[in-house]
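Participant: Next come a sequence and a model predicted from it.
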Amino acid sequence: MTVEQIVSEGKDQFPIGMRVLAVDDDPTCLLLLGTLLRRCQYHVTTTSQAKTALKMLRENKNKFDLVISDVHMPDMDGFKLLEHVGLEMDLPVIMLSANGDTKLVMKGITHGACDYLLKPVRIEELQNIWQHVVRRKKKDRCNSGSKDKPHPDSGEDAGIGNVDNNGKLNKKRKDQNEDEDDERDENGHDNEDPSAQKKPRVVWSVELHRKFVAAVNQLGIDKAVPKKILELMNVEKLTRENVASHLQKFRLYLKRISCVANQQANMAAALGTADSAYLRMGSLNGLGNFHTLAGSDQLHNAAFRSFPPSGVLGRLNTPAGLGIRGLPSPGTIQLGHVQNSGNPTNDLSKLQSFVPGNHNTNILQGMPMSLELDRLQHNKSVGHIGELPTTDSTTVFPGSGSLVDARITGFSNNPLLGVTSNSLMLEGSSQQATSHTSVSAIGFQNGNALSDFTLIAPASNQLQDSKADSQGQASLINCNAGQIIRSAPQEWNAPRKDAPYQSHALINSSIPINSAMIQLGQCLDRNNSIFHRTTDLDSVGPLNFVDPLSIKHSEGDNYIMEPSVIEKEGYLMFQPRPHGSHVPDNTGSLKDLASAMMKQEDDFGCNGYSLRTSI
Amino acid sequence: MERNPMRRQLASLRKSLFDQGYLDEQFMELEQLQDDANPNFVEEVVTLYYRDSARLILNLDHALERRPLDFSKLDGLMHQFKGSSSSIGAKKVKAESTLFREYCKYGNAEGCMRTFQQLKKEYATLRKKLETYFQLARQIGPMESANRPK
């Protein structure tokens, strides 16, 4: 078949018959959208449930070329769906909304939407959406570094003068000629279906992604090159190109998180100057971050900074270290103020400042829980993260690390990934307790910083006075962490459930009780410091976490991080924000935290155990 | 022919809906999607809209009874309602929705409630007018409806 033939055929057939999946909970809009799309001669499948959509997409990755989804849906936030699709299936997704706020559009873009349309949609707009499919295919090919196409095609296409044609051409060629496909396919994509309109995609399953993250952590985000990652992962049939494109997406994700984290960090910094160590620790960041995170969709309480355990630990261990550490007598650990300095603000700042300090933390923080969880999946990775202060790996692990990390670092050098701010908190107490580390470690394992927080938060709350409680909580936390991590990876790769990351991570207290948690409890027993730590976290921000835990976080709806700070029984509690609302003004919350912390400090006194009092 | 005056009536009714601001261009988009394969598309969509949005109206009513008002929730509900309404080109209804959301933004309970009452009025008025319109269109016959002058 000559090029011209192919090209012309391509032109004739595509975009006609392009397979679109339309998702919108509003039946009127869905009917309209479906009809419009059919009028454009696309092959349309409609569903009003995001979960159903995901299910369909997962069933057969090659069944659709493009997804169009509404932003506001009851069962799952459109952005979540967008992330899922982007990560798992690498399909172009177009967002639809009646709301054209710049912020929302920006959010769509940062989440990876290739376009954002306003309702009511007009047919003219839909007539051009096929370009996204072509563009992506082309990008994929380029990414794979396959020799195939782009150049030879461009040459041929020169005549056509249309890059799109190139893509189409490639596609066409592939479809028509298996042999030719070999060239293209060597990217490692299974090219089992010659008739498939699109290149087969590698499925980044949870397991695979976990390996990927572990490898990245091991190498260090800066040094993580596809080739090395590939070697470390040691997965058959995976090509360097697959890894490269996945890495690219991953980096975008991290960047996104870090942006949010940075914001928070700034806020934190503004709140109080924290020891640089603290900043790193970011443990509190979790708290601070929460606030700020709350603001960002993704970040949600990512406050967890990936706090390199080693780094943190070092600090924590030294009395001079983290303010939290400062706590003079272990016995009296102020809530929220890990340090005796009784400087609540410090804690806060620590927490918050965390962000700026570490890239990692940022990432962690910014990362939506879900993402974090994913990252955290690997316990292994967690370890890495903890070690890398600013490595991306930490960032990889969303927030979970921060709080937990903080703690963990104190306890034992658990390389908690997310440990971001938590470490501060934890550390104070951790010094003493190795068991503490377990707690925090757990958080990390989950990889989800958020989860950590949540874990912590709840744990702390519960801890309150009895050891048993703390232990229970610890386990709770651990469980969460575990869950989070588990859920996280899933979400990253192929969330088993559609539940939002965050909610799962954080809230899923159903998490199996980890010994860590118990240890946490133990630690508490040992000295209030630990307890305090938790409280600190809680008080500062973690409290929010507590809520998340208790909150059954509706998926798709708010991010856990969004909760607004609510003082509850002396605890700062963040309440999940209602649907559609973004996190409340972070600054405000930070301030609240700060004041809360102050208050706590006063209250706190010797009774470290009761978190309540601390608040 | 009997049809002519009816057709004229239909055309005139249609025009008045646009002129008086009840409908906007989106309604025309719907009309364009109507064809032989889809001869009653516009009516189908409008019927679906009224059926589905009734639920939203009810939810909004309930939400407006709570004290204190949950503006965030109200805003969310209205957002959905607005999206639906704009899909069929319900211009006045959409305008009230926008106003309602503004009031929500500023936490103006009084404004919200007032606007909602107005919105319901517009919503009901439009429904009546469209029912009349579709009835007439059906009388004229599917062929005629499909070839309605634009």
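Facilitator: Nice, I can see it. Numbering: from 1, shown residues only, chains lettered A, B, ... in the order given.

Participant: can you tell me the helix or strand for A:Leu21?
Facilitator: strand A:19-23 (DSSP states H and E).

Participant: For that strand, name the packing helices and strands.
Facilitator: Contacts defined by 3 or more Cβ pairs under 8 Å, 6 or more residues apart in numbering or on different chains; DSSP states H and E place strand A:19-23 against helix A:27-39, strand A:43-47, helix A:50-59, strand A:66-70. Bear in mind the C-beta positions are built from the backbone N, C-alpha and C, glycine included.

Participant: contacts for that strand?
Facilitator: Contacts to strand A:19-23, defined as Cβ atoms under 8 Å, 6 or more residues apart in numbering or on different chains, come from residues A:30, A:33-34, A:37, A:42-50, A:53, A:56-57, A:63-70, A:73, A:78, A:81, A:129, A:197.

Participant: Emit the PyMOL select command for whichever of the residues you listed are buried.
Facilitator: This is the PyMOL syntax for the buried subset of those, where burial follows 16 or more other Cβ atoms under 10 Å in any protein chain shown:
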select buried, chain A and resi 30+33+34+37+42+44+45+46+47+48+49+50+53+56+57+64+65+66+67+68+69+70+73+78+81+129+197
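
Participant: Just the pLDDT for the spatially closest residue to B:Gly107 that is not a sequence neighbour.
Facilitator: Nearest residue to B:Gly107 in three dimensions, chain neighbours excluded: B:Phe71, at 5.5 Å (Cβ to Cβ, 6 or more residues apart in numbering or on different chains). pLDDT recorded at B:Phe71 is 93.

Participant: what's the neighbour count on B:Phe71?
Facilitator: Using other Cβ atoms under 10 Å in any protein chain shown, B:Phe71 has 20 neighbouring residues.

Participant: closest point of the stretch 1-150 of chain A to chain B, which residue?
Facilitator: Closest residue of the stretch 1-150 of chain A to chain B, Cβ to the nearest Cβ: A:Ala98 (3.5 Å).

Participant: and that residue, what does it touch?
Facilitator: A:118-120, B:79, B:82-83, B:86.

Participant: What pLDDT does the model give A:Ser610?
Facilitator: For A:Ser610, pLDDT reads 40.

Participant: same thing with the one 4 residues further on?
Facilitator: For A:Ser614, the pLDDT comes out at 42.

Participant: Could you do B:Ala37 as well?
Facilitator: For B:Ala37, pLDDT reads 87.

Participant: Skipping adjacent residues, who's closest to the closest residue to chain A within chain B in space?
Facilitator: Nearest to chain A in chain B, going by Cβ to the nearest Cβ, is B:Gly83, at a distance of 3.5 Å. Using Cβ to Cβ, 6+ apart and skipping the chain neighbours, the partner closest in space to B:Gly83 is A:Ala98 (3.5 Å).

Participant: Tell me how far the one you found lies from A:Gly78.
Facilitator: Distance check for A:Ala98 against A:Gly78: by Cβ to Cβ, to the nearest Å, it reads 12 Å.

Participant: With A:Gly100 instead?
Facilitator: From A:Gly100 to A:Gly78 the distance is 14 Å (Cβ to Cβ).

Participant: same thing with A:Asp65?
Facilitator: 19 Å.

Participant: buried ones in stretch A:233-253?
Facilitator: For stretch A:233-253, by 16+ other Cβ under 10 Å, it's A:233, A:235, A:238-247, A:249-251, A:253.

Participant: For chain B, list the residues in contact with chain A, please.
Facilitator: For chain B, the residues in contact with chain A (Cβ under 8 Å from any Cβ of the partner chain) are B:26, B:29-30, B:32-33, B:38, B:41, B:44-45, B:48-49, B:52-53, B:70, B:72-73, B:75-76, B:79-80, B:82-84, B:86-89.

Participant: run the last query once more with 7 Å
Facilitator: Applying Cβ under 7 Å from any Cβ of the partner chain, one finds that chain B approaches chain A through B:26, B:29, B:33, B:38, B:41, B:45, B:48-49, B:52, B:72-73, B:75-76, B:79-80, B:82-84, B:86-88.

Participant: which of those are buried?
Facilitator: B:26, B:29, B:33, B:41, B:45, B:48-49, B:52, B:72-73, B:75-76, B:79-80, B:82-84, B:86-88.

Participant: Narrow the residues you listed to those in helices?
Facilitator: Judged by DSSP state H, those include B:26, B:29, B:33, B:41, B:45, B:48-49, B:52, B:72-73, B:75-76, B:79-80, B:82-84, B:86-88 as members of helices.

Participant: For chain A, give me the ranges with low pLDDT.
Facilitator: For chain A, applying pLDDT under 70 flags the ranges A:1-12, A:144-201, A:260-261, A:263-615.

Participant: and if we set it to 80?
Facilitator: Residues of chain A that meet the criterion pLDDT under 80 lie in A:1-14, A:61, A:139-203, A:206, A:221, A:236-237, A:256-615.

Participant: same thing with chain B?
Facilitator: Using pLDDT under 80, the flagged stretches of chain B are B:1-3, B:141-150.

Participant: Just the buried positions in the longest helix seen in it, please.
Facilitator: Longest among the helix segments of chain B by residue count, using DSSP H, is helix B:109-140. Under the neighbour-count criterion of 16+ other Cβ under 10 Å, helix B:109-140 has B:109, B:112, B:115-116, B:118-119, B:122-123, B:126-127, B:129-130, B:133-134, B:136-137, B:140 buried.

Participant: what does stretch B:28-45 give?
Facilitator: Buried-residue list, stretch B:28-45, by 16+ other Cβ under 10 Å: B:29-31, B:33-34, B:41-45.

Participant: what about that stretch, start to end distance?
Facilitator: 13 Å (Cα to Cα, to the nearest Å).

Participant: now it, how far from the centre of its chain.
Facilitator: 15 Å (Cα atoms, centre = their mean, to the nearest Å).

Participant: Can you show me the helices along the stretch 101-250 of chain A?
Facilitator: For the stretch 101-250 of chain A, the helices defined by DSSP state H, counting those that start in this stretch occupy A:102-110, A:123-127, A:130-144, A:150-160, A:163-176, A:178-185, A:206-219, A:226-233, A:240-271.

Participant: what does chain A have sitting close to chain B?
Facilitator: A:26-29, A:31-32, A:35-36, A:39, A:72, A:98-99, A:119-120, A:122-123, A:578-581.

Participant: so the residue positioned nearest the centre of chain B bridges to which residues?
Facilitator: Against the mean C-alpha coordinate of chain B, by Cα atoms, centre = their mean, the closest residue is B:Ala90 at 3.6 Å. B:Ala90 has these beta-bridge partners by DSSP bridges: B:Leu23.

Participant: my guess is it meets B:Leu126, correct?
Facilitator: Yes. Using Cβ atoms under 7 Å, B:Ala90 makes contact with B:Leu126 at a distance of 5.7 Å.

Participant: tally of neighbours for the residue nearest to A:Asp70 when sequence neighbours are not counted?
Facilitator: Distances taken as Cβ to Cβ, 6+ apart put A:Asp24 closest to A:Asp70, at 4.1 Å, once the chain neighbours are dropped. The number of residues packed near A:Asp24 is 30, by other Cβ under 10 Å.
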